[in-house]
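Novice: here is my input; please provide its structure:
(chains A and B)
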Number of protein chains: 2
Amino acid sequence: MIQRLAVIGGGLIGGSVVRAARKAGAAASIAVGDVNPAVVARVAELGIADLSTADLSQAVKGADLVIFAVPVLAMNQALKAALPGLAPGAILSDVGSVKGAVADALALLAPEGAFVIPGHPIAGTEQSGPDAGFAELFENRWTILTPLSDAPDYLAAVDKLSAFWTAIGANVELMDARHHDLVLAVTSHLPHLIAYNIVGTAADLEEVTQAEVMKYSAGGFRDFTRIAASDPVMWRDIFIANKDAVLEILGRFTEDLQALSRAIRWGEADKLEELFTRTREIRRGVIAAGQESAEPNFGRDRK
Amino acid sequence: MIQRLAVIGGGLIGGSVVRAARKAGAAASIAVGDVNPAVVARVAELGIADLSTADLSQAVKGADLVIFAVPVLAMNQALKAALPGLAPGAILSDVGSVKGAVADALALLAPEGAFVIPGHPIAGTEQSGPDAGFAELFENRWTILTPLSDAPDYLAAVDKLSAFWTAIGANVELMDARHHDLVLAVTSHLPHLIAYNIVGTAADLEEVTQAEVMKYSAGGFRDFTRIAASDPVMWRDIFIANKDAVLEILGRFTEDLQALSRAIRWGEADKLEELFTRTREIRRGVIAAGQESAEPNFGRDRK
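Specialist: Numbers count the residues shown, from 1 in each chain, chains lettered A, B, ... in the order given. Next up, the predicted model:
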């Protein structure tokens, strides 16, 4: 059990961590730090933490676990601001969608005796801000930790952090940071890039009005708009921080798309049907892996 | 009110039309025809129609409204099989996602005195087959009709068909067939093509296992798997039948994707943030247009 949890960043993920920790009794007391005064005020109003402050060094004071829940390129600055208040032996973790370079920088900046354990809960919605968080966000979702050492005291800290995530409903997995970045480029970063791109393309067409796009979006497009409504600054940072893996996967995607385009141009019905049958199987795998329901109407309420 | 409704094709859409018609009392009696004996048997077992038969000319006998709910490239053959049973003055419509060429062929094949009024309900799920249908599928969704004439008796038939779709919950819109095909290429066909492609790309990677892709799909990928699980034959036909519009829109998409890729490569943070902010606005438009809810967690149940 965590004595004092400090979450830096009171947005969707940070706000969900504190709500979940309180609901599960996973931390004796909770502080939230955020450089945005409006967020600090809103967190205080919502009453989801014992302390809400714009002074990050104040927020982390006495914390045995500090979780940075800020856009990946804002992480270093947040850690620098928090440094003066950090307790010796504190666990420093994060929730960012890119681990490699970001984790290295955190480890460089962290004070002697702190345990830097990069983390990433694979969960979220397209909403942002303190009001968007909810305690159940991590339930039955995976949280990946990418440990940087195998020293015994470090491993004990990894166990403590794992226990925290497990207490708030997540399943924990350990992974190499570089591999994490490649896996996430496939399962998250490329899908977001594609969704942002298609929504942008649709908005720029002359022949089809934006009103028509919105009106007839139930044919598939609306699922892309949901993804493409995710936090702009967070995603800007992710693509820049994970540039190499994203561009590599994007290259593969583009190659495949060209082959598919050619199959349509030449009316190669068998090729199309073969691919579409194969992708259907993968959907079954996602459902079997417990990451989705098989409900009709995309699992949405029919009300 | 329709005296006798005949639906050819007892899959997701056809099965939903008959359920919705019965629930709303929009047709005095209902027949289902399907060339697949397993579907015929299942429709009979489900008891959702007054007649279920593999003989399409039998199915359409005495029907004042016949709706073809089969893959677009199977439509002509289905109409040919139904021809001997068609009543004079019957309305012939469909639910296909491509209108232009398909509508022309239907009109050529139809007997003298029949009213061919192509139609397309913008609704669906990734499920297939008679069991996948449900009566509420069309509620608050758009159905587009693409009339081929403005003769007074034809327009009266359009009114009758519009009234049917309205009775089962849809909002009806009239549109030119070619424009329909361009709009749908944007709002439905390209999103499906992209989803099929990305799921295929992910499945073929050597560095990331399929098990990892499924496990960590909550980061965005699972939304694509849902779309990419749609009926393979139906979608094969759509891309072939709407080739020109799909390739045109795909060309625009690819251009934009290359620009986006370049912005990532050169770390052009402002360009990325600008696009991502713009696409978020479009999401708000989709919600305002009533085609989606703003619920957190992608509008899915949190249970």
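Novice: in chain A, which helix has the most residues?
Specialist: Across chain A, the helix with the greatest residue count (assigned by DSSP state H) is helix A:243-265.
Novice: go through it and flag the buried ones.
Specialist: A:243-250, A:252-254, A:256-257, A:260-261, A:263-264 (16 or more other CB atoms under 10 Å in any protein chain shown). Every C-beta, even on glycine, is put in place using the N, C-alpha and C of the backbone.
Novice: ditto for stretch A:30-46
Specialist: By 16+ other CB under 10 Å, the buried positions in stretch A:30-46 come out as A:30-35, A:39-40, A:42-44, A:46.
Novice: show only the entries of those found in strands.
Specialist: A:30-33 (DSSP state E).
Novice: first-to-last residue distance for stretch A:141-149?
Specialist: Start and end residues of stretch A:141-149 are separated by 25 Å (CA to CA, to the nearest Å).
Novice: nearest residue to A:Ala87 in space, please, no chain neighbours.
Specialist: Spatial nearest neighbour of A:Ala87, chain neighbours left out: A:Gly62 (5.7 Å); criterion: CB to CB, 6 or more residues apart in numbering or on different chains.
Novice: Three-state assignment for that neighbour, please.
Specialist: Using DSSP: H, G, I helix; E, B strand; the rest coil, the three-state assignment for A:Gly62 comes out as coil.
Novice: hmm, it is touching A:Gly89, no?
Specialist: No: counting by CB atoms under 8 Å, A:Gly62 does not reach A:Gly89; the two are 11.4 Å apart.
Novice: so what's A:Arg178 up against?
Specialist: A:99-100 (CB atoms under 8 Å, 6 or more residues apart in numbering or on different chains).
Novice: quick check: phi and psi at A:Thr209.
Specialist: As for A:Thr209, its main-chain torsions (degrees, to the nearest 10) stand at phi -80, psi 160.
Novice: that one and chain B, how far apart?
Specialist: Look at A:Thr209 and chain B: by CB to the nearest CB, to the nearest Å, they are 9 Å apart.
Novice: OK, contacts around that residue?
Specialist: A:Thr209 neighbours (CB under 8 Å, 6+ apart): none.
Novice: what do you get for A:His192?
Specialist: Applying CB under 8 Å, 6+ apart, the residues near A:His192 are A:227-228, A:230, A:235, A:238, B:220.
Novice: ok, 10 Å please
Specialist: By CB atoms under 10 Å, 6 or more residues apart in numbering or on different chains, the residues touching A:His192 are A:97, A:224, A:227-228, A:230, A:234-235, A:238-239, A:246, B:219-221, B:276.
Novice: restricted to helices, list the residues you listed.
Specialist: Filtering those for helices - DSSP H - leaves A:224, A:227, A:234-235, A:238-239, A:246, B:221, B:276.
Novice: per-domain residue ranges of chain A.
Specialist: Domains of chain A are assigned by automatic domain parsing as A:2-175, A:178-267.
Novice: span of the shortest one from start to end?
Specialist: Using CA to CA, the end-to-end distance of domain A:178-267 comes out at 40 Å.
Novice: hmm, the helix or strand hosting A:Ala101 touching chain B?
Specialist: Here A:Ala101 sits within helix A:100-109, counting by DSSP states H and E. No: under the criterion of CB under 10 Å from any CB of the partner chain, helix A:100-109 makes no contact with chain B; the nearest approach is 12.7 Å.
Novice: before we move on, what SS does A:Pro88 have?
Specialist: Going by three-state DSSP: A:Pro88 is coil.
Novice: wait, it touches A:Ala114, no?
Specialist: Yes: here A:Pro88 reaches A:Ala114: they are 7.5 Å apart, a contact under CB atoms under 10 Å.
Novice: of these two, which one has the most company?
Specialist: A:Ala114 (21 against 8; other CB atoms under 10 Å in any protein chain shown).
Novice: now do the same for that one: its pLDDT.
Specialist: A:Ala114 is assigned 96 on the pLDDT scale.
Novice: can you check A:Asn297 too?
Specialist: Confidence at A:Asn297, expressed as pLDDT, is 38.
Novice: hey, where'd the strands end up in the stretch 1-150 of chain A?
Specialist: Counting by DSSP state E, counting those that start in this stretch, one finds strands in the stretch 1-150 of chain A at the ranges A:2-8, A:27-33, A:51-53, A:65-68, A:91-94, A:115-116, A:119-121, A:142-145.
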